[in-house]
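Visitor: what's the 3D shape of this:
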Amino acid sequence: MIKKLEVIGIIILVVIGLIWGGFEIWIRNYADGEELYNKYQISIQEKNNFKARAFLRLAAKAGNKNAMWRIADTSLFEGDKTNAIFWYKKIYTSGEQFALIKLGNCYVKVNEIANAEKYYKLAQSNKRIQRTANYELLLLYQQFNKQTKLTQLIEDILKSKDFKLINSLGYFLTKDGKHSKAIKVFVRALKLEKNHIIYNNLANCYIQTKNYSDAISYLQKSLKLQGRSYQSSNIKAKLADCYAKIGQIEKSINHYEKSLYNKPGAGHDSNILIRYIALMVKLNKKTECLAFIEKLEKYESIPLYAEKSFYYDSINNSKQGELYFKQGLMNKKINGYLNVSKFYLKTQQYEKALKWSHKFLENYPEWASKFIIEAYCGQKKLIQAINFVDKQINGVNKNYSKALIYDHFKEYKKAIDFYIKASQNHQSFYNQIGDIYLQLKNYNKAVKYYSNAKNFDYKRLRKAYYLQSKSQEKIND
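Guide: Presented below is the predicted three-dimensional model:
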């Protein structure tokens, strides 16, 4: 009886194999890679995951680059390093040079530093991706403590006549918190090219070092080269913030207004408008503030419900504020509401953040819950935060929310337990667990969790490897 069942099972598998093999042959004969990739996209829209996976694999085998990229990137994200490397190599051999960068990233994940360096160096020879390759090598040498190679690479970049390459070095130093060194590098880049991005990067360094006068000078130079664009709007907002910091309030107001008055129909940045309203109310310029908001509404032909509600709340007219709040919810204008909550949290006005976020909890529970939890954490109210989660949130999100709360309050054992529960055996929150072990200076466990995270972040892993090697050096000394 058992032998008969085994034979039947083998026959079934053979039949399935023949059907599938025939399907693949039919596909290869009658459809090219592009057509197969279109079928994959249609299957995704139809939410037929089985068909989608099949068409994606077949499209990749037929040489469709979009399909190959999708499989490779998904494999890297999900931690399937072997499959990711296989497909990135196929993409590279098909002529896509950027796959070299991705191959380097894959080898970082498996701690094969020599291979990672090899592919980044291959990428260096391609002008189009040279800057990215250099940036990745800078990170690699820094985070794996290859000081001699790091120094040599920095010297080579500084000898270059490519201002963009030197600018990327300045950006690297900025990210590393070395603002004084970054300023010197950006100044060197400016000698090669007077570029608005470099001026802006210099200004950002001076803002970080609280040298607002020099920041203003470079922002103005950047603005002259920008013209009227979305980027120029952001620069004007930065100028407004800098002028406010040095007490030149009228100039600050003027630049906020110029920033918000962009191209008609282009929209405004709600965050900038909220900062402007807060400043005007603080200066008791209520009439001018409301007049500007109404003028901006007409200019853009967009109702500013959330911003008006924020304005009326700020001047203690809660009745009018509530009226605009409800109108905005009816018209599903959510971005302004989110930005007001963010503003209250950023300025540590936690009670106002709670009150504001509770008002749209029913309509937008996911966003409102996030802000309410942040506000309770800001107030150091652990019990209230946990009680809110128990009452309002269900399923995986409940475990994740509790993990975030315990993480904030540095109750790491509980945080790790809830991150693991929230992951549900899919390693979804292993990066967060790795972050905790990094804080606890348990670098071996940090590496373990980062390496196995579903949403792989090679920069986190690099940092853990670097700290692990530094720790080992101290033990050996």
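Visitor: domain parsing for the protein?
Guide: Split into domains by automatic domain parsing, the chain comes to 386-425, 427-477.
Visitor: Quickly, which of those domains bottoms out on average pLDDT?
Guide: Confidence, taken as mean pLDDT, is least for domain 427-477 of the domains of the chain (a mean of 83).
Visitor: Just give me how far it sits from the chain centre.
Guide: Domain 427-477 sits 20 Å away from the centroid of its parent chain (CA atoms, centre = their mean, to the nearest Å).
Visitor: Stretch 216-232 too?
Guide: Offset of stretch 216-232 from its chain centre (CA atoms, centre = their mean): 25 Å.
Visitor: next one: stretch 210-217
Guide: Using CA atoms, centre = their mean, the offset of stretch 210-217 from its chain centre is 27 Å.
Visitor: looking at the domains of the chain, which is closest to Y171?
Guide: domain 427-477 (14.2 Å; CB to CB). Heads up, the C-betas are built off the backbone N, CA and C, glycines and all.
Visitor: hmm, which helix or strand of the protein has the shakiest average pLDDT?
Guide: helix 2-30 (a mean of 54; mean pLDDT, DSSP states H and E).
Visitor: So for the helix or strand following it, mean pLDDT?
Guide: Following helix 2-30 in sequence order, the next helix or strand is helix 33-45 (DSSP states H and E). The pLDDT scores in helix 33-45 average 87.
Visitor: List the buried residues for helix 33-45?
Guide: G33, L36, Y37, K39, Y40, S43 (16 or more other CB atoms under 10 Å).
Visitor: centre of the chain versus that helix, how much separation?
Guide: Using CA atoms, centre = their mean, the offset of helix 33-45 from its chain centre is 28 Å.
Visitor: I'd like the distance between A353 and S309.
Guide: 14 Å (CB to CB, to the nearest Å).
Visitor: next one: A422
Guide: Taken as CB to CB, the span from A422 to S309 is 34 Å.
Visitor: And these two? Which one has more around it.
Guide: S309 (27 against 21; other CB atoms under 10 Å).
Visitor: Does that one lie in a helix or a strand, and which?
Guide: helix 305-314.
Visitor: Tell me the spacing between the residue nearest to Y311 when sequence neighbours are not counted and A215.
Guide: Take Y311 and drop its neighbours on the chain: the residue closest to it by CB to CB, 6 or more residues apart in numbering is I277, 5.1 Å away. Counting by CB to CB, the separation of I277 from A215 is 24 Å.
Visitor: For burial, what's the neighbour tally of F418?
Guide: For F418, using other CB under 10 Å, the count is 23.
Visitor: List the contacts of the host helix or strand of it.
Guide: F418 is part of helix 412-423 when elements are defined by DSSP H and E. Counting contacts by CB atoms under 8 Å, 6 or more residues apart in numbering, the residues outside helix 412-423 that touch it are 396-397, 399-400, 402-404, 406-407, 428-430, 432-433, 436, 439-440.
Visitor: Could you pull out the buried residues of that helix?
Guide: For helix 412-423, burial by neighbour count (16+ other CB under 10 Å) applies to A415, I416, D417, F418, Y419, I420, A422, S423.
Visitor: and the nearest residue to Y37 once chain neighbours are set aside, how far is that from F310?
Guide: Nearest in space to Y37, with sequence neighbours left out and distances taken as CB to CB, 6+ apart, is A59 at 4.2 Å. Going from A59 to F310 by CB to CB gives 49 Å.
Visitor: quick one: stretch 388-400 to chain centroid distance?
Guide: 24 Å.
Visitor: Touching that stretch from outside, list them.
Guide: 361, 365-366, 369, 372-373, 376, 401-402, 405, 418-419, 421-422, 424, 429.
Visitor: redo that, cut-off 7 Å
Guide: 365, 369, 372-373, 376, 401-402, 405, 418, 421-422, 424, 429 (CB atoms under 7 Å, 6 or more residues apart in numbering).
Visitor: What is the end-to-end distance of it?
Guide: 13 Å (CA to CA, to the nearest Å).
Visitor: Give the buried residues for the helix or strand containing T74.
Guide: T74 belongs to helix 65-77 when assigned by DSSP H and E. If you call a residue buried by 16+ other CB under 10 Å, then helix 65-77 has these buried ones: K65, A67, M68, W69, R70, I71, A72, S75, L76.
Visitor: Output the contacting helices and strands for the helix holding S309.
Guide: Applying 3 or more CB pairs under 7 Å, 6 or more residues apart in numbering; DSSP states H and E, we find helix 305-314 packed against helix 270-282, helix 286-300, helix 318-330, helix 335-346.
Visitor: can you list those helices in TSV and add distance to K102 and mean pLDDT?
Guide: Converted to TSV, the helices and strands packed on helix 305-314 look like this (distance: least, CB to CB, whole Å; pLDDT from 0 to 100):
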stretch	distance to K102	mean pLDDT
helix 270-282	34	92
helix 286-300	41	90
helix 318-330	43	90
helix 335-346	33	91
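Visitor: Nearest to L192 among the ones you listed would be which one?
Guide: So among the helices and strands packed on helix 305-314, helix 270-282 is nearest, using CB to CB, at 32.5 Å.
Visitor: now the angle from that closest one to helix 286-300?
Guide: 160 degrees (axes from the mean of the first three to the mean of the last three CA atoms, to 10 degrees).
Visitor: separation between S314 and S168?
Guide: S314 sits 42 Å away from S168, going by CB to CB.
Visitor: Sorry, wrong one. I was asking about K370.
Guide: Relative to S168, and taking CB to CB, K370 is found at 34 Å.
Visitor: same thing with I198?
Guide: As judged by CB to CB, I198 and S168 stand 11 Å apart.
Visitor: Looking at these two now, which is surrounded by more residues?
Guide: In terms of neighbours (other CB under 10 Å), I198 is the more surrounded of I198 and S168; the figures are 27 against 20.
Visitor: where does that one land in three-state SS?
Guide: Secondary structure assignment for I198 (DSSP: H, G, I helix; E, B strand; the rest coil): helix.
Visitor: correct me, but it touches R188?
Guide: No. The pair I198 / R188 is not scored as a contact, 9.7 Å apart, by CB atoms under 7 Å.
Visitor: what are the C-alpha coordinates of the helix or strand I85 falls within, in PDB please?
Guide: Taking DSSP H and E as the criterion, I85 maps to helix 81-93. C-alpha atoms of helix 81-93 as PDB (Å, rounded to 0.1, in the frame of the first residue of the first chain):
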ATOM      1  CA  LYS A  81      22.000  36.900  -0.100                       C
ATOM      2  CA  THR A  82      22.800  34.000  -2.500                       C
ATOM      3  CA  ASN A  83      19.900  34.700  -4.800                       C
ATOM      4  CA  ALA A  84      20.500  38.400  -4.700                       C
ATOM      5  CA  ILE A  85      24.200  38.000  -5.700                       C
ATOM      6  CA  PHE A  86      23.200  35.600  -8.500                       C
ATOM      7  CA  TRP A  87      20.800  38.100 -10.100                       C
ATOM      8  CA  TYR A  88      23.000  41.100  -9.600                       C
ATOM      9  CA  LYS A  89      25.700  39.300 -11.400                       C
ATOM     10  CA  LYS A  90      23.300  38.500 -14.300                       C
ATOM     11  CA  ILE A  91      22.300  42.200 -14.400                       C
ATOM     12  CA  TYR A  92      25.900  43.300 -14.500                       C
ATOM     13  CA  THR A  93      26.800  40.900 -17.300                       C
END
